[in-house]
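Chemist: give me the fold of what follows.
(one chain, ligands or ions: 1)
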Amino acid sequence: MAYMQTERMKRGNGMICRISPSFKQLKNPLPLYSPRYIYYRLLGLLLESVGRLSKGIDTGFTHGFDSGMTMNYIYINKPQGSLFIGKYLDRIFLDQVTCKAFRSIKQIQSDMINGYLRERSEKATFIVDLASGKADYLYDILRETTSNIEVLLCDISESVLKESRDIAKKLNLGNKVKFKQGNALDTENLRRITRKPNLLIEVGLYGIIHDDESVKRHLSEVKEILNPDAILFNVQTQNPQIELIARSLKNQDGERCVWHLRPIDLVVRWAEEAGFRNAEIRMDPFNIYAVVLMRG
Ligand SMILES: C[S@@+](CC[C@H](N)C(=O)[O-])C[C@H]1O[C@@H](n2cnc3c(N)ncnc32)[C@H](O)[C@@H]1O
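Modeler: Predicted coordinates:
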């Protein structure tokens with residue numbers, strides 16, 4: 001009962017609105033016989049069985065719903081699946097508000113990167129992406145731009161980098177795009193990037209880092225070690241599906257997919273404390289993500 005009360009709050013206008021459970025609540029398993037446990041468990045089982053006829057849901061359970069593979073599938077937004085039902089379920093999956101928000105922030109991120117490149121006019125630009133996935137947003141730009149750009153794509157997952165390497169090869173961008181497998185949170189790994197980036201990108205990373213201290217320390221380290229001219233990151237600030245994602249879906253490590261929502265002001269303050277400034281913030285139309293560009 002206490003749990004439910006924290007989820008429902010009376011607004012000033014008398015309307016009842018739903019507040020997402022806190023990160024701490026999401027981390028804790030629900031009591032085994034609670035209706036919520038049974039609901040999310042059954043939903044998870046359904047998604048992991050019949051749901052896998054949808055290619056998107058299958059990709060999520062195979063690679064993790066927080067993986068670059070799943071993100072890329074959502075960006076493409078073309079329903080695929082086994083039999084008619086699989087394709088139908090895939091359309092439902094791709095129409096979920098979280099998937100729509102992913103596609104919106106991809107566009108916002110591309111626009112902000114393009115804006116940054118325009119600012120630099122014809123100057124050579126070195127971009128490092130520390131959790132790139134396949135980095136679709138960067139390929140969209142590399143395909144079109146005449147700017148002199150070099151890109152280093154890094155990710156903890158070798159398999160997503162392999163797929164990204166194939167894209168670079170197909171687009172004949174092998175001379176512009178390099179790859180490096182590694183953990184963005186590992187100090188020594190950051191030190192191995194010896195060239196100063198003009199733009200550092202880390203989108204889709206902070207929400208999967210559970211511990212606030214790690215995000216704070218990471219921001220200080222990238223400032224101190226890489227000292228980019230600018231940084232682009234995103235922050236998941238709220239999500240009506242956060243509990244469903246946490247209790248019915250799996251992450252890249254096969255565990256519950258718990259994401260840490262944070263207020264945008266908090267993360268911008270950490271970035272400012274690390275030495276970044278002039279935050280330019282854009283929200284997606286669903287108010288789920290904030291995309292932030294700051295100067296070094
Ligand atoms: C949600 S996806 C975002 C991918 C891409 N940046 C995008 O927005 O489409 C998160 C990515 O971060 C990678 N990742 C997770 N933890 C990481 C870490 N500690 N260091 C580097 N990459 C990490 C995952 O492998 C995955 O590709």
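Chemist: any idea how many residues pack against the residue of the stretch 151-296 of the chain found nearest the ligand?
Modeler: With Cβ to the nearest ligand atom, the shortest gap between the stretch 151-296 of the chain and the ligand falls at residue 204, namely 2.8 Å. C-beta here means a position set from N, CA and C on the backbone, and glycine is covered the same way. Residues near residue 204, counting by other Cβ atoms under 10 Å, number 22.
Chemist: against residue 234, how distant is it?
Modeler: 7 Å (Cβ to Cβ, to the nearest Å).
Chemist: pretty sure the residue of the stretch 151-296 of the chain closest to the ligand sits against residue 131.
Modeler: Yes: counting by Cβ atoms under 8 Å, residue 204 touches residue 131, with 6.2 Å between them.
Chemist: where is the longest helix in the protein?
Modeler: Assignment by DSSP state H gives helix 97-119 as the longest helix of the chain.
Chemist: avg pLDDT for the helix or strand following that one?
Modeler: Using DSSP states H and E, the helix or strand that follows helix 97-119 in sequence is strand 125-129. Averaging pLDDT along strand 125-129 gives 98.
Chemist: for the ligand, what are the nearby residues on the stretch 151-296 of the chain?
Modeler: 155-157, 160, 183-185, 203-205, 208, 252 (Cβ under 6 Å from any ligand atom).
Chemist: all strands for the protein, in order.
Modeler: 8-10, 16-18, 125-129, 149-155, 177-181, 199-202, 230-236, 277-283, 289-295 (DSSP state E).
Chemist: got CSV for the ones you listed, with mean neighbour count too?
Modeler: Output for those, formatted as CSV (neighbours: other Cβ atoms under 10 Å):
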stretch, mean neighbour count
strand 8-10, 10
strand 16-18, 9
strand 125-129, 23
strand 149-155, 22
strand 177-181, 17
strand 199-202, 25
strand 230-236, 24
strand 277-283, 14
strand 289-295, 22
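Chemist: mean pLDDT lowest for which of these?
Modeler: strand 8-10 (a mean of 40).
Chemist: for the spatially closest residue to residue 132 that is not a sequence neighbour, list each beta-bridge partner.
Modeler: Closest residue to residue 132 in three dimensions, ignoring its sequence neighbours and counting by Cβ to Cβ, 6 or more residues apart in numbering: residue 153, at 4.0 Å. Beta bridges link residue 153 to residue 129, residue 179, judged by DSSP bridges.
Chemist: mind listing what residue 153 touches?
Modeler: Residues in contact with residue 153 (Cβ atoms under 8 Å, 6 or more residues apart in numbering) are 129, 132, 135, 138, 161, 164, 177-180.
Chemist: 10 Å instead, please
Modeler: 68, 127-135, 138-139, 160-161, 164-165, 168, 177-181, 201 (Cβ atoms under 10 Å, 6 or more residues apart in numbering).
Chemist: list the residues that contact residue 103.
Modeler: 71, 74-77, 94, 284.
Chemist: show the model's pLDDT score for it.
Modeler: pLDDT, residue 103: 98.
Chemist: give the burial count for the residue lying closest to residue 85 once chain neighbours are set aside, as a bare number.
Modeler: Excluding the flanking residues, the one nearest residue 85 by Cβ to Cβ, 6+ apart is residue 53, at 5.7 Å. Per other Cβ under 10 Å, the neighbour tally for residue 53 reads 18.
Chemist: let me see the confidence value for the spatially most central residue of the chain.
Modeler: By Cα atoms, centre = their mean, the chain has its centre lying nearest to residue 204, at 2.0 Å. pLDDT for residue 204: 98.
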